[in-house]
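>>> sequence and predicted structure below; questions after.
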Amino acid sequence: MELALTFDPAGFCLDLAAAGLAAADLDSLSENLQSAHAAMVAIEAGAIANIDEHRQVTHFTDRTTYADSEPFDSVESFFVAVAAGEVLGSTGKSFQAVILNGIGGSALGPQLAQLALRGPYWNEWSPDQRGGRPRIYFADNTDAAGLTDILNVVDLEQTLTVSISKSGGTRETYNNMAALQRCYAAKGLDFGRHAAAVTMSGSKLDDLARANDWLQIWPMPESIGGRTSETAIVGHVAAAAAGIDFRALINGAIAMDDLTRNPVVAENPAYMLAAAWYCLGNGCGDRNMVVIPYSDRLSLLSRYLQQLVMESLGKEFDRDGNVVHQGLSVFGNKGGTDAHAYVQQLQDGSDDFFVTFIEVLKDAAEYDTGDFMMGDYLHNFLQGLSDALAAKGRPVIRITIDDLSPYSLGMLIALYERAVAAYAELVNINAFHQPGVQAYKEMSKGIDAIMQDILNNFNAGEFSGTADTLAATLGRTDAVAAVDGILSKWAVNGRTFANRQLNRELRAGRWWYTLSTVA
């Protein structure tokens, strides 16, 4: 079996020659890979893949028809109208900025595409340079700093907010939406005339948007998870806002899908990649996945892959109910820059990883340094590092594309989506559910309940004492640390309750909290 594959579309090449593998290693998995292939065929044929939600997984197949769908046309026409100044806010002014409000896959994929295809300084381009397209901002957490940073640079009167949530109940996305709604109202603006949504029909967000006559509501398929939604309407809305050719991105993903539907492992880059991960990690994730793109514009790729790979593969149980604690930990940094720091450990530290270098051959411009072009040096640094690591027996995987375009980005996304799904089959886990994520959400709800108990207590009376004191009063002596954390948060923020402010002082190494009347 050859350890390198090259294809015409976008000059794509996968090279495992320096990964420390022999053809026999991959050949030994041929039977397992054929079983994985059968599972992939079943998924695309409509098998129930997400057992927790009893739903199909359709991101591979839906993208073959999405570009010819009514939602695709609706997204395109809406943002063309926004750019033309034909969609107006509540005061009759055009939109000069868009806040994309989502979390996880609803934000990471769009952020990756925005940086990769529009660069880091899109918002600093003039309106003419942007072709009338708005500036793009991402609200992707329930951190007040993130929202404050956005509100410091946008004029809400000319800003559209697009909230993206399948269920409509995702707390982080809801918090940003609710806070923004109040910010718009404080400026006398009708939020509904500045709002759009991407959500499932009948969700809480869908109901809210319809009840308040939002500008646009786009349907999110139930069968596409957040971490695999970049080639669906989630990715499309963000791309269309910035005028990115999303049809080309989909076509790149479809081209890779065509390559990775091949049952012949030696001709299928996704199966070869999954097999390499399996062999290098002894089938149980013994090595970390280090992703280093030699492209400034792909610096978010490792974060994107962290979610795709780790949420899909980090599982406690296999399909047979055995405790396996599977997973691949993903780390990454930007090639070139981080060779001066990050790579020190890769070269001399723990031999507990395999590295994937991703190279974009086409330079953005030809800058002459006096001997070679800047991009030539970047290539030579990559090759030098690759050779140095290989010389020490550190596994190296190489992926090369001709240029960074919507098409080639779509290929990369589809490659990793299929490789992750195939690897999950090799280790007998379900790649399409996320029980651990649900566990933390349920625990967080418990902390919400403790916070509500404290709030009720403070609104009803006075308080002075430690967290232990209050925990005992509330009958929550098993949650002293949680109570202390909440009180510290409120005290530092000067939170008030019925005209009384919570303060704290250090007494004998413990925080002492007091509700004091505000003068």
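Sure, I can see it.

>>> how about the helices in the stretch 251-400 of the chain?
Along the stretch 251-400 of the chain, counting by DSSP state H, counting those that start in this stretch, helices occupy 269-280, 301-305, 311-313, 342-348, 374-391.

>>> okay if I get these as CSV plus mean pLDDT and mean neighbour count?
Glycine gets a C-beta too; all of them are placed from N, C-alpha and C. Listed next are the helices of the stretch 251-400 of the chain as CSV, based on pLDDT from 0 to 100; neighbours: other CB atoms under 10 Å:
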stretch, mean pLDDT, mean neighbour count
helix 269-280, 97, 25
helix 301-305, 97, 22
helix 311-313, 96, 24
helix 342-348, 89, 15
helix 374-391, 95, 16
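
>>> which of these sits closest to L117?
Of all the helices of the stretch 251-400 of the chain, helix 301-305 sits nearest to L117, with 12.6 Å by CB to CB.

>>> and the closest one, what does it pack against?
The helices and strands touching helix 301-305, judged by 3 or more CB pairs under 8 Å, 6 or more residues apart in numbering; DSSP states H and E, are helix 105-118, strand 288-294, strand 330-332.

>>> next, format these as TSV and append mean pLDDT.
Output for those, formatted as TSV (pLDDT from 0 to 100):
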stretch	mean pLDDT
helix 105-118	96
strand 288-294	97
strand 330-332	95
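
>>> tabulate these (CSV), appending mean neighbour count and distance to V324.
Below are the helices and strands packed on helix 301-305 laid out as CSV (neighbours: other CB atoms under 10 Å; distance: least, CB to CB, whole Å):
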stretch, mean neighbour count, distance to V324
helix 105-118, 24, 24
strand 288-294, 24, 17
strand 330-332, 20, 19
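
>>> so which of those gets nearest S516?
helix 105-118 (40.1 Å).

>>> which secondary structure elements does that closest one contact?
Against helix 105-118 (3+ CB pairs under 8 Å, 6+ apart) you get strand 135-139, helix 233-241, helix 301-305, helix 406-426.

>>> buried deepest among those, which one?
When these are scored by mean count of other CB atoms under 10 Å, the highest mean neighbour count falls to helix 233-241 (a mean of 26).

>>> contact partners for F78?
F78 makes contacts with V87, A196, Q216, A240, as judged by CB atoms under 8 Å, 6 or more residues apart in numbering.

>>> and what of R193?
By CB under 8 Å, 6+ apart, the residues touching R193 are L88, G89, S90, D213, L215.

>>> and the most centrally placed residue in the chain, how far from L300?
The centroid of the chain falls nearest to L108 when counting by CA atoms, centre = their mean (2.9 Å). Taking CB to CB, to the nearest Å as the measure, L108 falls 7 Å from L300.

>>> can you pull the buried residues of stretch 18-28?
By 16 or more other CB atoms under 10 Å, the buried positions in stretch 18-28 come out as A18, A19, G20, L21, D25, L26.

>>> reformat these as a markdown table; add distance to F95.
Formatted as a markdown table, the buried residues of stretch 18-28 follow (distance: CB to CB, whole Å):
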| residue | distance to F95 |
| --- | --- |
| A18 | 49 |
| A19 | 48 |
| G20 | 52 |
| L21 | 52 |
| D25 | 54 |
| L26 | 52 |
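
>>> ok, which of the helices of the stretch 251-400 of the chain comes nearest C183?
Minimum separation from C183 across the helices of the stretch 251-400 of the chain (CB to CB) falls at helix 301-305, 27.7 Å.

>>> quick check on the contacts of R193: which are buried?
Applying a neighbour-count criterion of 16+ other CB under 10 Å, the buried members of the contacts of R193 are L88, G89, S90, L215.

>>> between those, which sits nearest N457?
Distances from N457 to those, taken by CB to CB, are shortest for S90, at 40.4 Å.

>>> surely the closest one is in a strand?
No: if the criterion is DSSP: H, G, I helix; E, B strand; the rest coil, then S90 is coil and not within a strand.

>>> ok, now how distant is it from A139?
Remark: distance between S90 and A139 (CB to CB) = 20 Å.

>>> check Y66 too.
Per CB to CB, Y66 is found 25 Å from A139.

>>> got the domain boundaries for this protein?
Per automatic domain parsing, the domain ranges recorded for the chain read 4-45+247-426, 80-244, 435-517.

>>> so for T58, which of those domains sits nearest?
For T58, the closest of those is domain 80-244, at 4.1 Å, according to CB to CB.
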